[in-house]
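Trainee: Can you look at this prediction? I've put the sequence above it.
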Amino acid sequence: MTLARILLVYTGGTIGSVEDPETGELRPFDFDHLRARIPEVDALEVQLDYESLSPIDSSDMSIERWAELARLLFHRRDRYEGFVVLHGTDTMAYTASALSFMLPHFAKPIVLTGSQLPIGVLRTDGKENLLTAIEIAAKWDSSDPERGPLIREVVIYFGDELLRGNRAHKQDAEGFQALVSPNFPALAEVGVHVRFRRDLLLRPHGEARLLENLDAGVTVIHLTPGITAEAVAHQLAIPGLRAAILRTYGSGNAPRNPMFLGELAGAQERGVFMVNVTQCTVGSVDANRYVTGAGLARLGVEPSLDITLEAAVTKLMVLAALHDDRESLRSAFKMDLAGEQTPADNIR
């Protein structure tokens, strides 16, 4: 049997770090050290290659870094059956979301994973996360006569669950189940057996593309009681602003203060596309449920359904680079591009 060719890409993060004995700081180390810490890697029935970007803490992630990673994956696509990306947990959900929009129709597994404890620590969770991520990336679809990969999208494996990348959210800074998928079921649960939800897996059709240009003109306005119209106006006046995400209460509610609404109306007149994303981890935006949410919809603020903040930000960055005007950006944002949102008819 031909072994699956898997490319392991190291971007940084806790999983590939060792503790500096003098300062106690975590510093990245190379793949040879990783293999020495996890000799089981060599027992996997895969052909494993390795590439490293300049390691960074994931809190330093940027759109330039996403473009570098997306280019690497795209240009290696025909050479490998699957990819595993080692990444820090803090922005893992953002990166997974970004890659899902930057690499449409990629149709091969891109599995992001990491750990809460470094590989060299006795109780590390990185060992199991890495080995299982490689196994998932290498798994064939037994129902496919052409023996294609089972996973054909960007996913995150962490703890004991496989999550759609653009549905994930980091919820825990210390627990081993750091990432969750609050509004969409896990694609697989891992115990003694790996149980895949085949009915949930994406089957993209179309030619693989690389959308490496992102527009950073996206801002997030987090609503709090007492937020002033001046504070909102300041964010909406950012030069080059294309889109603003309003982090609203509950099912999409916001203050009815006339001055606050006036600032939103002014941004609307200037061509800024505004999106309503709830602050709640679980649930969706329903613009018609309460009068406070309906007021935003009348101003042209787009309800986001059950999309995560991570997916909304990265989706807008990708789409804003493709669409010059607000209404074409709105039309594109409303589309489900990579399984990132539930159709309105299916939410209830």
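Mentor: That came in fine, so what should we check first?
Trainee: SS state for Y50?
Mentor: strand (DSSP: H, G, I helix; E, B strand; the rest coil).
Trainee: Name whatever forms a beta bridge with it.
Mentor: According to DSSP bridges, the partner residues bridging Y50 are L8.
Trainee: residues in contact with it?
Mentor: Y50 is in contact with 7-10, 31, counting by CB atoms under 8 Å, 6 or more residues apart in numbering. Heads up, the C-betas are built off the backbone N, CA and C, glycines and all.
Trainee: ok, now F106?
Mentor: 73-74, 77, 152-154, 204, 208 are the contacts of F106 under CB under 8 Å, 6+ apart.
Trainee: Flag the shaky bits of the stretch 51-200 of the chain, pLDDT-wise.
Mentor: Applying pLDDT under 70 to the stretch 51-200 of the chain flags the ranges 120, 122.
Trainee: What segments of it are strands?
Mentor: Applying DSSP state E, counting those that start in this stretch to the stretch 51-200 of the chain gives strands spanning 82-86, 110-113, 154-158, 161-164, 169-170, 179-180, 188-190, 194-196.
Trainee: in the third one, what counts as buried?
Mentor: Looking back up the chat, that one is strand 154-158. Neighbour counts over strand 154-158 (16 or more other CB atoms under 10 Å) mark 154-158 as buried.
Trainee: now stretch 139-158
Mentor: Under the neighbour-count criterion of 16+ other CB under 10 Å, stretch 139-158 has 139, 141, 149-158 buried.
Trainee: rewinding a little: just the contacts of F106: which are in helices?
Mentor: Secondary structure from DSSP state H places 73-74 of the contacts of F106 in helices.
Trainee: Save the contacts of F106 as CSV, and put in distance to S331 too.
Mentor: CSV is the format used below for these (distance: CB to CB, whole Å):
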residue, distance to S331
L73, 28
F74, 26
R77, 29
R152, 26
E153, 23
V154, 23
P204, 21
A208, 23
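Trainee: Give me the distance between A312 and I134.
Mentor: Going from A312 to I134 by CB to CB, to the nearest Å gives 31 Å.
Trainee: just to revisit the earlier point, quick check on the contacts of Y50: which are buried?
Mentor: Buried members of the contacts of Y50, scored by 16+ other CB under 10 Å, are 7-10, 31.
Trainee: Looking at those, spot the one nearest L236.
Mentor: Set against L236, the nearest of the buried ones among the contacts of Y50 by CB to CB is V9 (37.4 Å).
Trainee: and the residue nearest to the closest one when sequence neighbours are not counted, what does it touch?
Mentor: In space, and not counting its chain neighbours, V9 is closest to V85: 4.8 Å by CB to CB, 6 or more residues apart in numbering. Neighbouring residues of V85 by CB under 8 Å, 6+ apart: 9, 11, 69, 73, 95, 110-113.
Trainee: Go through the residues you listed and say which is closest to A265.
Mentor: Nearest to A265 among those: T95, at 34.7 Å, using CB to CB.
Trainee: Verify the contact between that closest one and I63 for me.
Mentor: No - with contact defined as CB atoms under 8 Å, T95 does not count as touching I63 (10.7 Å).
Trainee: middle-most residue in the chain, spatially?
Mentor: Nearest to the geometric centre of the chain sits S97, at 2.6 Å (CA atoms, centre = their mean).
Trainee: any idea how far that one lies from P204?
Mentor: According to CB to CB, S97 and P204 sit 16 Å apart.
Trainee: can you check P149 too?
Mentor: Distance, P149 to P204, using CB to CB: 12 Å.
Trainee: which neighbours do those two share?
Mentor: Shared contacts of P149 and P204 (CB under 8 Å, 6+ apart): A107.
Trainee: one step back: kindly indicate which of the contacts of F106 lies nearest A267.
Mentor: Nearest to A267 among these, counting by CB to CB, is V154 at 31.6 Å.
Trainee: who does that closest one bridge with?
Mentor: Beta-bridge partners for V154, by DSSP bridges, are I110.
Trainee: can you pull the contacts of F74?
Mentor: Taking CB under 8 Å, 6+ apart, we find F74 in contact with 103, 106, 208, 210.
Trainee: Can you get me a residue count around S62?
Mentor: As a burial measure, S62 scores 12 neighbours (other CB atoms under 10 Å).
Trainee: again with D336
Mentor: When counting by other CB under 10 Å, one arrives at 11 neighbours for D336.
Trainee: circling back to that earlier point, so for T95 and I63, which residue has more residues nearby?
Mentor: Taking other CB under 10 Å, T95 and I63 do not tie; T95 has more neighbours (25 against 19).
Trainee: That one and V285: what is the separation?
Mentor: Counting by CB to CB - T95 and V285 are separated by 24 Å.
Trainee: quick revisit: which pair in the buried residues of stretch 139-158 has the greatest spatial separation?
Mentor: D141 and F158 (22.7 Å).
Trainee: Low-confidence regions, the stretch 201-348 of the chain specifically.
Mentor: Residues of the stretch 201-348 of the chain that meet the criterion pLDDT under 70 lie in 287-293, 344-348.
Trainee: where exactly do the helices run in the stretch 1-150 of the chain?
Mentor: Counting by DSSP state H, counting those that start in this stretch, the stretch 1-150 of the chain has helices at residues 31-37, 63-75, 92-102, 126-137.
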